[in-house]
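A.B. asks: 3D model of this:
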Amino acid sequence: MQREVDIRNADMRYDLDKELAELQRNLSEKQRMHELAIQAERYEQEREKYRYTLLTVYMSEIETLINKYNGTITNDTRTRAMVRGKTLALIRELDTVRKGQLIRFLYDAGLLTNGEQPLDLTDAELDHIDLSSTTPNIQIMYGLALSNVYLRNASFVQRDMTNGNFSGTRLTGANFSYSITNPTVGFKSANILHNLTINNSNINITFNLTTIIQTTTLPTILISFLNASFYSSFNFTTSSLDINNSLPICNFSISNNNTSIYQVTINQTLYSYDIIEENHGKDLYPGGHYIPKECRTEQRLALIICYRNREQHLKMFLNNIHPFLQKQKLDYTIFVVNQHGNDPFNRAALFNVGYLEAMKLYQYDCFIFHDVDLLPEDLRNIYKCGDQPRHMSVAIDIFKYAIPYSDIFGGVTAFHSSDILGINGHPTVYWGWGGEDDDMYFRVVKKLKKSIIRYPIEIARYKMIRTHGHIAAELNPHRFTILNSKYDYNLDGINTTYYTLHNIVFYKLFTLINVTLPEESFEHIRTRLHIKNKN
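C.D. replies: The predicted structure is shown next:
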């Protein structure tokens, strides 16, 4: 009896000690977080003072120079270079609010006026600055010159910027609501207008479509802008897609009586881009974007191709895929993600780049990731996305139209955009050939907790283009080590996709995304993913 009492007392003491230890840990953690918060607040206060001092001293120095040179400091080469260097260095230190104050100061000082010789701020990062009117009325910023800078998500609400210049400037997501840029504002070669807000603006712009590298995604102006051939003037207030609401839903009907009518004959003739455009580009908008005219679609498809040095394959792919997708009455855009440099090819990372950049342009809800050497042979193989990820390229001619193994998930795959986020996208750790498609299979099954679906083998048929001398990527010697490590998929994917974006070019047949990927060593990958060394 006493023994049982002692055991119960010991258990109670153990539980109390455990609770006390947990309480102490929680208190220590709260204290530590409180101290960190205080330190962060003090640091931010010091940074605030530092920025204020920097901007104040800079303005004083510029005012002194302006007085010294009678308001024409940009006419003196050495002084102009010195001021440019100081200004760019200052911009790197300032927060968004003070960057806006700086631009207003430079404009008021006559250093950012298009009529004069404006200060060159090329490559300055001025994203998110707010140059909107500070009163209920339109305020004047005639001739504002901000060429070749970054003004993503900047705001110019209720500003009259007549004769301004934004040539070569990135204006992604910028807000020009209620602004005036009439009679003309320079946007030549500007990376402009996707997610741009331009409500109730009076804008008269002439665009050169051979130099613009990104286009609008606003439904109200999509048709009027993209239907231009080379030069176009248009009114941003015109709504061109409202008519779509009255159209029937697009439906590609399939008859079971005569399945042979859906079989596609692959055209392996190698045409030039001009011929392909002539044959299949009449109804395309720049960037390889197609919208059916006779009906409205329920999905927006982004078809992503990873690419390097396979131009002949690309031409053959485009010549076959455009008529295929148009017959299925799809709203689609073709993206070609081109990896520059000599580092090993990273197919999966390029797919992530395609997803990230495409979503900046348009609210796509369906993504199909496609190898450039695979061509569908049956129109019943519908390029749409469902509730489950789909393996599209089930039966390929080189495998005698049989599925090689049950878990295969490469070649062509389809995902709803929400599922891509659910699996953290594609892995970025497979440099060279192999491993990434099996990794994606496990992401779907283990992380997303979904099964992969397929069309019947007689429908999901593909031809692989094996000609034109393509040299396959080298095998990744570490693919099985990574694949079998069962690493945490939260440690790698979209959230670890790093790349240098060189530019985005809208060709008639496709959107080209030029990037460089920084190669990651296997040792770094091993450390980052907590993969243990094998003894």
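A.B. asks: so what's Thr113 up against?
C.D. replies: The contact partners of Thr113, taken as CB atoms under 8 Å, 6 or more residues apart in numbering, are Tyr107, Tyr142, Gly143, Leu144, Ala145. All C-beta atoms are positioned from the backbone trio N, CA, C, and that covers glycine.
A.B. asks: Pick out the lowest-pLDDT one from the residues you listed.
C.D. replies: Going through the contacts of Thr113 one by one, the lowest pLDDT turns up at Tyr142, 80.
A.B. asks: And the chain, what are its domain boundaries?
C.D. replies: Per automatic domain parsing, the structural domains of the chain span 51-242, 259-528.
A.B. asks: And the helices in the stretch 201-350 of the chain, which stretches?
C.D. replies: Residue ranges of the helices in the stretch 201-350 of the chain, as given by DSSP state H, counting those that start in this stretch, are 222-226, 273-280, 311-327, 347-361.
A.B. asks: Ok, the stretch 351-500 of the chain next?
C.D. replies: Read by DSSP H, counting those that start in this stretch, the stretch 351-500 of the chain holds these helices, from start to end of the chain: 417-422, 436-442, 479-483.
A.B. asks: Please identify the deepest-packed of those.
C.D. replies: Between those, the one whose residues have the most neighbours on average, counting mean count of other CB atoms under 10 Å, is helix 436-442 (a mean of 21).
A.B. asks: Show residues contacting that helix.
C.D. replies: Residues outside helix 436-442 that contact it (CB under 8 Å, 6+ apart): 347-348, 407-411, 413, 423, 426-427, 430, 452, 482-483.
A.B. asks: dump the residue contacts of His128.
C.D. replies: By CB under 8 Å, 6+ apart, the contact list for His128 reads Thr96, Arg152, Asn153, Ala154.
A.B. asks: low-scoring stretches of the stretch 351-500 of the chain, by residue?
C.D. replies: Across the stretch 351-500 of the chain, residues meeting the criterion (pLDDT under 70) sit at 467-473.
A.B. asks: ok so, going back, okay, the helices of the stretch 351-500 of the chain in a markdown table with distance to Gly281 next?
C.D. replies: Conversion of the helices of the stretch 351-500 of the chain to a markdown table gives the following (distance: least, CB to CB, whole Å):
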| stretch | distance to Gly281 |
| --- | --- |
| helix 417-422 | 27 |
| helix 436-442 | 32 |
| helix 479-483 | 39 |
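A.B. asks: Need the residue closest to the centroid of this structure.
C.D. replies: Centroid check for the chain by CA atoms, centre = their mean gives Glu357 as the closest residue, at 1.4 Å.
A.B. asks: hang on, the earlier thing: if any of the contacts of Thr113 are buried, give me the ChimeraX selection for them.
C.D. replies: Restricted to the buried members of those, where burial is judged by 16 or more other CB atoms under 10 Å, the ChimeraX selection command reads as follows:
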select :107,143,144,145
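A.B. asks: Among the contacts of Thr113, name the ones in strands.
C.D. replies: Residues from those lying in strands, with DSSP state E as the criterion: none.
A.B. asks: which among the contacts of Thr113 gets closest to Gln39?
C.D. replies: Ranked by distance to Gln39 (CB to CB), those are led by Tyr107 at 37.8 Å.
A.B. asks: surely the closest one meets Leu144?
C.D. replies: Yes. With contacts defined as CB atoms under 8 Å, Tyr107 counts as touching Leu144 at a distance of 6.1 Å.
A.B. asks: Are any of the contacts of helix 436-442 buried, and if so which?
C.D. replies: Members of the contacts of helix 436-442 that pass the buried threshold by neighbour count (16+ other CB under 10 Å) are listed as 347-348, 408-411, 413, 423, 426-427, 430, 452, 482-483.
A.B. asks: Among those residues, which are located in strands?
C.D. replies: Within the buried ones among the contacts of helix 436-442, membership in strands is found for Thr413, as judged by DSSP E.
A.B. asks: Turn the buried ones among the contacts of helix 436-442 into CSV, including distance to Ile304.
C.D. replies: CSV is the format used below for the buried ones among the contacts of helix 436-442 (distance: CB to CB, whole Å):
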residue, distance to Ile304
Arg347, 11
Ala348, 11
Ile408, 19
Phe409, 15
Gly410, 14
Gly411, 13
Thr413, 10
Ile423, 15
His426, 10
Pro427, 15
Tyr430, 17
Ile452, 18
Ile482, 22
Leu483, 22
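A.B. asks: and of the buried ones among the contacts of helix 436-442, the nearest to Asp283?
C.D. replies: Nearest to Asp283 among these: Thr413, at 27.1 Å, using CB to CB.
A.B. asks: Pull up the gap between that closest one and Leu374, please.
C.D. replies: According to CB to CB, to the nearest Å, Thr413 stands 11 Å off from Leu374.
A.B. asks: Then Asp130?
C.D. replies: Summarising the geometry, the distance separating Asp130 from Leu374, computed by CB to CB, is 47 Å.
A.B. asks: In terms of neighbours, single out the busier of these two.
C.D. replies: Using other CB atoms under 10 Å as the criterion, Asp130 and Leu374 rank with Leu374 on top: 21 against 16.
A.B. asks: hang on, the earlier thing: Pro248: which of the domains of the chain is closest?
C.D. replies: Shortest separation from Pro248 across those is recorded for domain 259-528, at 5.2 Å, computed as CB to CB.
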